[in-house]
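Chemist: okay, here's the prediction I keep looking at, along with the sequence it came from:
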Amino acid sequence: MLNEENPELFDIRRLALLVEVVEQGSITAAADIMMYTPSAVSQQLRKLEQEVGQPLLNRRSRGVVPTEAGQILAGHARKIVGQMRAARADLDQIAGLRRGSLTVGTFPTLAGSFLPLVIRAFKKRYPAIGLSVRSARFDELVWDLESGVTGLCLLWDYPWNRFSDESIRITEVFQESTVILVAKGHPLADRDEVSMGELRKESWIVRAEAHPVVEVLQRSAHDAGFEPTIGFLANDYQEAQAMVSVGMGVALVPKTAVALQHPDVRVLSLGPDAPLRRVLLAQRQDKVYAPAEVAFHSTLVEIARERGRDYL
C-alpha cells in the first residue's frame, strides 16, 4: 500500500529516458529517439539521480555508461516501461471495441445460413461497434477487401480451383458438403443418400448467369459418366427449391443453400462423393487489424467450431 511512510515512486518518464540513454550509450542519440533536446534529457536524468540519491551515469567524451546503480535501475525500468506500454496497448484495444465500425463482405448462401449466428453473438458481445454487411459475387468481394471497403470478407473455393492471393490472408472456417434436392413425391425421396449415377436421366435445375454451381454439377456428372440436361435456370436458390418442389427437376446445391428448406423438398446426401466447398475468412496481409476485426475473427472461428459440422 502507498502511504506517507513509503519512499516516493520514480517518475515513469524519467525511467524511460534512462533506459533509452543506457541502450543508446548517448544522451544525444536518446534525445533524438525520444524527441527531446539533449539538455532536457540531461536535466531529467539529473532529477532522477536526485530521487535515487546516487549517480546513475558516468559521462565520458564519447557518450555515457551506466554506473552499477544505473545498470540495476535500468534493468527494472526496462520491465516497468514495457509493462506500461502493454497496458496502453490493452487499453487502446478495449477503447477500440467500445466504438467504431466494421464492414464485412459475404456471399448469399452464407448470409442466409451461418453468418447470422456469428452476427448475433458479435452484436451481443460488442454492442457499441457499428456492423454492416455487404453481400456480393466473388470478384466483388475480393475487390472490396483489397480496396478497403470491407475489413474482412468470407469467400469460398473448391479443390479444383483453390483461392490463392499473396496479398490476402485466408483462414478456413469450415468445409461444406454438396447435396441433392428432390421433390417429396420423387421416387428417390425416401432415400437418405444417392449417387450421381442414379440421377443421369434427371432434368437439372441450376443457377443462372454462369453461377459456380453449374461447374460443380458438370464435374460431378462427368465423373459419373454423363452430361447433365439443364431444365431450368433459377435466379436464386429459393426459386430453385420452388421449381424442384413441383417436379420441374432436381438440383445440386451447397448445403448452406437449404438453411431455409422448402416444405415440399427433400435433401439427399451424395455420401463420400459429395464435392466439398471450403468457406474462408479473408483479410489483407498488409494491414494492422483493428480491434473490431480481431474480435469478429475470433467470434466467427468460435461459432464455426460449434456449428461448422452442421454443413457437412
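Modeler: Great, that's in hand.
Chemist: where do the helices of the stretch 151-300 of the chain begin and end?
Modeler: With DSSP state H, counting those that start in this stretch as the definition, the stretch 151-300 of the chain shows helices at residue ranges 212-223, 237-245, 291-307.
Chemist: how about the host helix or strand of residue 14: buried residues?
Modeler: Here residue 14, judged by DSSP states H and E, is contained in helix 12-24. By neighbour count on 16 or more other Cβ atoms under 10 Å, the buried set for helix 12-24 is 14-22, 24. (Glycine included, C-beta is placed from N, CA and C.)
Chemist: out of these, the closest to residue 149 would be?
Modeler: residue 16 (39.7 Å; Cβ to Cβ).
Chemist: count of neighbours near the nearest residue to residue 232 once chain neighbours are set aside?
Modeler: Of all residues not flanking residue 232 in the chain, residue 205 sits nearest, at 4.5 Å (Cβ to Cβ, 6 or more residues apart in numbering). When neighbours are counted by other Cβ atoms under 10 Å, residue 205 registers 25.
Chemist: quick one: least confident helix or strand in this structure?
Modeler: helix 68-96 (a mean of 79; mean pLDDT, DSSP states H and E).
Chemist: does anything pack onto the helix or strand that that helix is followed by? Which helices or strands?
Modeler: Downstream of helix 68-96, the next assigned helix or strand under DSSP H and E is strand 101-106. Here strand 101-106 touches strand 130-135, helix 138-146, strand 152-157, helix 291-307, going by 3 or more Cβ pairs under 8 Å, 6 or more residues apart in numbering; DSSP states H and E.
Chemist: what about this protein, any weak spots by pLDDT?
Modeler: Residue ranges of the chain with pLDDT under 70: 1-7, 89-98.
Chemist: mind naming the longest strand for it?
Modeler: For the chain, the strand with the greatest residue count under DSSP state E is strand 168-183.
Chemist: which elements pack onto that one?
Modeler: helix 138-146, strand 152-157, helix 237-245, strand 250-254, strand 265-269, strand 276-284, helix 291-307.
Chemist: let me see the contact set for the closest residue in space to residue 204 that isn't next to it in sequence.
Modeler: Spatial nearest neighbour of residue 204, excluding adjacent residues (Cβ to Cβ, 6+ apart): residue 228 at 4.8 Å. Shown in contact with residue 228 (Cβ atoms under 8 Å, 6 or more residues apart in numbering): 202, 204, 217-218, 221.
Chemist: what's the farthest-apart pair in those?
Modeler: So, the contacts of residue 228 by Cβ to Cβ: farthest apart are 202 and 218, at 14.1 Å.
Chemist: neighbour count: those two, which is higher?
Modeler: residue 202 (20 against 16).
Chemist: give the contact list for the closest residue to the more buried one other than its chain neighbours.
Modeler: With Cβ to Cβ, 6+ apart as the criterion, residue 202 has its nearest non-adjacent residue at 4.7 Å, and that residue is residue 250. Listed by Cβ under 8 Å, 6+ apart, the contact partners of residue 250 are 180-182, 186, 199, 202-205, 244.
Chemist: show me just the buried residues among those.
Modeler: 180-182, 186, 199, 202, 204-205, 244.
Chemist: follow-up on the earlier one: buried set for the least confident helix or strand of the chain?
Modeler: 70, 73-74, 77-78, 81, 96.
Chemist: can you redo those as a markdown table with distance to residue 122?
Modeler: Below are the buried residues of helix 68-96 laid out as a markdown table (distance: Cβ to Cβ, whole Å):
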| residue | distance to residue 122 |
| --- | --- |
| 70 | 50 |
| 73 | 46 |
| 74 | 44 |
| 77 | 40 |
| 78 | 38 |
| 81 | 35 |
| 96 | 14 |
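Chemist: okay, now the sheet partners of the longest strand of the chain, with direction.
Modeler: Strand pairing for strand 168-183, determined by DSSP bridges: strand 250-254 (antiparallel), strand 265-269 (antiparallel), strand 276-284 (antiparallel).
Chemist: so which of these is the most surrounded?
Modeler: A comparison of the strands paired with strand 168-183 by mean neighbour count, using mean count of other Cβ atoms under 10 Å, puts strand 250-254 on top with a mean of 25.
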